[in-house]
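Asks: Structure for this input, please:
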Amino acid sequence: MEKIAEDRAGNGAGEGPTLAITIPLDAIVVAQPRSAGALVVRQATGGECLVDRISRSAALIAQSAHAAIGREEAFGRVFLFVPVALGTGAVLWFALPQTLPIVAPVFLFAVSSVFAVLSRFGSPMAHRIWSALALCAIGMLLADLETRRMQTVLLDTPVTTQVTGRVLRREAGATGEWRYLVRVEATAEPRIRRAPEEVVLMTRARHEPFALGEVLRGKARLSPPSGPALPGLDDFSFSGYFGGIGAVGYFLGAPTHVERSAVSGTGPWWEAAEQTLLIVRDGITQRIRRTVPGDAGGFAAAILTGDRRSMSAATTEALRLSGLAHITAISGLHMALAAGIFFVGLRKLLSLSPAIAQSWPIKKIAAMAALAAAFLYLMISGSQVSAIRAFLMTAIMLVAVLFDRPAISLRNLALAAIVILVVWPSQVLGASFQMSFAATAGLIAGYDGWRRRAARQSRYAPDFPGRRILSFLWNFAAGTFLTSLIGGLATAIFAVAHFHRLAPYGLVANLAAMPIISVVVMPAALAAMLLMPFGLDMPFLILAGEGLEIVIVIATTVASWSEGTSVGRLAAWFLPLASVGLLLLTLLHTRLRWIGAVILVVAIGLAILLPPEDTADLIVSEDGRLAGLPGPDGRTIATNRNKPSDFLFSQWQHALARPDHLGPLRSEDGAVAGTRAEGADRLSVEQIRTVREMMRRQFAASPSGRFLCTGKVWCIVRLSKGWRIATVEDPALLGAACDTADFVITPRRSPFGSCRSGANMIDAEVLRRTGATEFYLGNHDDRDIRQRTAYTTLDRPWQRHRLYDWRTDSFADGEPAAGANAAKVSDSGG
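Replies: Prediction:
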């Protein structure tokens with residue numbers, strides 16, 4: 001065997017050394033088997049052994065990969081994976097079924113740090129792996145610290161009580177309702193021993209709107225933030241815990257004003273400063289809505305002050321179906337447009353004076369002014385986490401200009417991600433965080449490729465009159481198209497994973513709407529904000545409103561083409577796998593990035609080609625009030641409610657990709673048989689016996705797969721497999737239901753816990769521990785039942801409120817409540 005040449009052929013990214021070898025034919029050795037079972041590897045026409053060829057190819061691939069990784073390090077791309085490792089650690093910590101002792105991540109960090117240091121001068125790959133593990137441990141520690149820092153009190157069970165509290169924020173609805181964020185100062189009738197600190201309350205009753213800082217009082221129905229609508233969906237109690245919202249609800253009637261002296265104390269100075277800022281923000285919102293009426297005014301308020309509840313439901317749905325809903329959220333797009341317009345405009349204005357342009361660094365002056373404008377925008381927007389994230393990304397880019405660094409780079413994006421993950425690691429699980437950074441990373445990577453391509457083409461482009469104008473128009477049109485395309489593709493996997501639907505014509509809507517937002521709406525809105533203190537904002541607000549009216553028309557038109565594509569609930573592996581592919585594709589520079597493209601294609605392909613998971617035969621909501629039966633036609637969900645909760649049922653529809661609702665039939669068979677006599681505390685024995693016989697007759701005569709309801713007292717349904725299901729409102733009828741059904745579902749607590757007949761009792765106490773539950777029903781005779789619950793354990797801080805018992809003032813595991821968590825007397829407990 002003779003070595004002829006060894007040379008590095010080509011300078012392309014990812015190319016390794018090429019090895020040419022000549023092997024004489026007389027040197028070929030054919031391996032003979034030593035026994036009948038031995039493996040025979042032969043080279044039929046000459047050459048080397050097949051095993052050697054595979055080994056040599058593997059060595060060349062490994063060598064090329066090692067060289068590519070070295071080039072990635074030379075380009076500084078390793079730093080980009082620091083927030084990836086931190087975020088991975090945070091995700092792992094939040095996904096654990098039980099809270100680990102803090103010593104666990106500390107130990108992991110210590111061990112991995114030691115090995116990272118020891119391997120620094122040894123194996124480079126081992127050093128990278130141990131360093132990544134150390135960063136993951138830091139991410140877990142940050143997640144643990146944020147959880148300990150929040151300590152949000154979540155209400156344990158729905159309750160009707162009198163709430164007295166101070167208004168922190170308010171938002172006007174499109175139909176006259178008001179939504180208040182209230183800091184609770186007292187509760188009564190019943191008193192909540194461990195009341196949530198902040199609650200969100202809505203009122204539709206006519207009243208004089210309360211100003212920020214005023215104290216109100218009223219009878220309200222409070223409920224804890226809901227858990228997942230189905231197993232595997234988003235847990236709103238998680239976002240409530242880390243958002244500081246302990247309960248949501250509505251006033252029963254109009255709340256009344258309370259004098260400040262009637263309640264205790266005032267807050268510290270920083271709360272007073274924040275309140276002053278929120279009052280200014282609220283005043284700007286109201287001025288925008290007075291100047292620009294209708295949905296356009298609500299749209300303008302959404303993109304300027306973050307008040308997104310002023311638009312009508314129809315317009316909000318049209319924006320969602322057309323793929324334009326992202327415009328209503330203050331994100332990196334709005335912050336970049338506001339800061340960019342201010343930066344470019346001020347720089348052009350200063351350059352009009354040759355003396356100033358030659359004597360002062362006008363680029364840095366414009367960057368500092370744009371940074372101040374972005375900070376002002378952040379303050380006006382209410383300083384929500386999404387707006388803070390957008391400000392950080394914009395601020396880092398503007399600071400880079402001050403230090404003569406590239407303003408748009410993945411390194412700046414990584415710095416912004418690190419800051420957010422250090423302060424709010426829980427944001428890594430939110431759709432807003434994921435979609436924002438995915439879109440930005442995709443756009444920066446795409447912009448980099450576009451810039452290199454344009455630089456190559458400009459060398460050979462012919463010069464002719466009007467070339468600059470045509471080049472500007474082409475770059476604007478192509479840039480708009482690529483921005484919409486890349487942004488849509490980068491966020492699509494997260495939209496599918498979180499919202500289970502896609503806007504099929506989103507690219508068309510964005511191509512039509514985004515030039516209006518960029519050229520008309522945001523410049524006019526920025527001018528209006530600058531001139532508002534002088535009272536000269538009206539013409540610019542009207543101009544911005546006209547532009548938004550056009551955007552609403554575009555959204556309505558595109559939404560009429562399709563109701564959106566529901567893709568259903570995806571497997572748990574899809575989002576992590578697709579995220580890995582997208583990260584490698586956007587963060588790497590060499591040919592290794594195409595590994596990410598392959599992973600992304602494989603994830604999407606598997607999601608399309610693999611058969612969908614089995615649909616449950618019975619679905620029960622976490623409060624027990626709604627039961628659903630996915631129909632065999634693949635389009636319907638039959639429920640026991642004529643008008644199920646839109647918030648809950650819409651999630652069922654999208655997650656199961658079943659758009660149609662099949663309401664219950666109504667029985668005319670003596671609806672009053674199951675009602676109490678006036679003044680009676682319980683049903684008579686004769687009434688219960690009558691109910692039992694009625695249920696048996698209805699099970700025998702009812703159609704399969706559709707609920708049959710008797711008044712508002714009970715509903716029954718019979719499945720084709722022979723299973724019988726009853727939903728019961730009155731606990732007095734549970735015994736009759738147990739005698740006639742296989743499943744008994746009630747939103748109340750069962751007085752006897754379980755059915756003597758062996759039927760499955762699903763009451764409020766069971767559902768508090770399991771959350772929403774899906775049942776897969778097999779052979780009826782074999783009692784083949786398999787269930788999937790939203791919660792398997794309740795050990796995490798945002799779940800433990802489900803274990804609290806107000807009667808014993810403690811948690812179910814024996815831990816004292818340290819102040820209790822629910823009403824002393826609750827209208828839904830016991």
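
Asks: Flag the shaky bits of this structure, pLDDT-wise.
Replies: The model of the chain has pLDDT under 70 over residues 1-48, 260-267, 269, 330-332, 382-386, 407, 452-467, 669-682, 813-830.

Asks: Show me what counts as buried in the lengthiest helix in the chain.
Replies: Scanning the chain for the longest helix, with DSSP state H as the assignment, gives helix 467-499. For helix 467-499, a neighbour-count test (16 or more other CB atoms under 10 Å) marks 480, 483-484, 486-499 as buried. (Glycine included, C-beta is placed from N, CA and C.)

Asks: can I see the domain layout of this structure?
Replies: Listed by automatic domain parsing, the domain ranges of the chain are 2-74, 77-149, 159-261+269-281, 333-426, 574-609, 618-777.

Asks: List the residues that contact A627.
Replies: A627 is in contact with L618, I619, V620, S621, T639, N640, F707, C715, I725, T727, I745, counting by CB atoms under 8 Å, 6 or more residues apart in numbering.

Asks: quick one: which of the residues you listed sit in strands?
Replies: With DSSP state E as the criterion, strands contain L618, I619, V620, T639, C715, I725, T727, I745 from among the contacts of A627.

Asks: what's the most distant pair in these?
Replies: For the ones in strands among the contacts of A627, the maximum inter-member distance is 14.3 Å, found between I619 and C715 (CB to CB).

Asks: Now V91. Nearest residue, chain neighbours left out?
Replies: Leaving aside its chain neighbours, V91 sits nearest to V428 (5.8 Å; criterion: CB to CB, 6 or more residues apart in numbering).

Asks: re earlier: which other helices and strands does the longest helix of the chain contact?
Replies: Secondary-structure packing of helix 467-499 (3 or more CB pairs under 8 Å, 6 or more residues apart in numbering; DSSP states H and E): helix 431-458, strand 501-502, helix 506-516, helix 574-587, helix 593-609.

Asks: will you turn these into JSON lines that also has distance to D809?
Replies: Listed next are the helices and strands packed on helix 467-499 as JSON lines, based on distance: least, CB to CB, whole Å:
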{"stretch": "helix 431-458", "distance to D809": "37"}
{"stretch": "strand 501-502", "distance to D809": "44"}
{"stretch": "helix 506-516", "distance to D809": "52"}
{"stretch": "helix 574-587", "distance to D809": "40"}
{"stretch": "helix 593-609", "distance to D809": "48"}
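
Asks: Can you tell me which of these is nearest to L319?
Replies: Nearest to L319, of all those, is helix 506-516, at 8.9 Å by CB to CB.

Asks: Which parts of the closest one count as buried, going by neighbours?
Replies: For helix 506-516, a neighbour-count test (16+ other CB under 10 Å) marks G506, L507, V508, A509, N510, L511, A512, A513, M514, I516 as buried.

Asks: same deal with stretch 765-783?
Replies: Residues of stretch 765-783 classed as buried: E765, V766, L767, R768, T770, G771, A772, T773, E774, F775, L777 (neighbour count, 16+ other CB under 10 Å).

Asks: Same check on stretch 137-146?
Replies: Neighbour counts over stretch 137-146 (16+ other CB under 10 Å) mark A137, I138, G139, M140, L141, L142, A143, D144, E146 as buried.

Asks: Check stretch 213-224 too.
Replies: Result for stretch 213-224 [16+ other CB under 10 Å]: buried residues G213, V215, L216, R217, G218, A220, R221, L222, S223, P224.

Asks: how about the nearest residue to the third one once chain neighbours are set aside, what does it touch?
Replies: The spatially closest residue to L216, leaving aside those adjacent along the chain, is P255, at 4.2 Å (CB to CB, 6+ apart). P255 is in contact with T203, H207, F210, L216, R217, G218, A220, counting by CB under 8 Å, 6+ apart.

Asks: Present these as CSV; the columns should include secondary structure and distance to P406.
Replies: Shown next, in CSV, are these (DSSP: H, G, I helix; E, B strand; the rest coil; distance: CB to CB, whole Å):
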residue, secondary structure, distance to P406
T203, strand, 51
H207, coil, 54
F210, coil, 48
L216, strand, 51
R217, strand, 56
G218, strand, 55
A220, strand, 53
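
Asks: Tell me the one of the residues you listed nearest S353?
Replies: F210 (50.0 Å).

Asks: residues in contact with the closest one?
Replies: F210 touches V167, R170, W178, Y180, L216, P255, H257, counting by CB under 8 Å, 6+ apart.

Asks: what helix or strand does the second one sit in?
Replies: I take that to be R170. strand 159-172 (DSSP states H and E).

Asks: next structured bit after that strand?
Replies: Following strand 159-172 in sequence order, the next helix or strand is strand 178-188 (DSSP H and E).

Asks: And that next one, what's buried?
Replies: Buried residues in strand 178-188, defined by neighbour count with 16+ other CB under 10 Å: W178, R179, Y180, L181, V182, R183, V184, E185, A186, T187.

Asks: Please enumerate the helices of the stretch 551-700 of the chain.
Replies: 574-587, 593-609, 646-656, 685-701 (DSSP state H, counting those that start in this stretch).

Asks: D156: which of those is closest?
Replies: D156 lies closest to helix 646-656 among the helices of the stretch 551-700 of the chain, at 19.6 Å (CB to CB).
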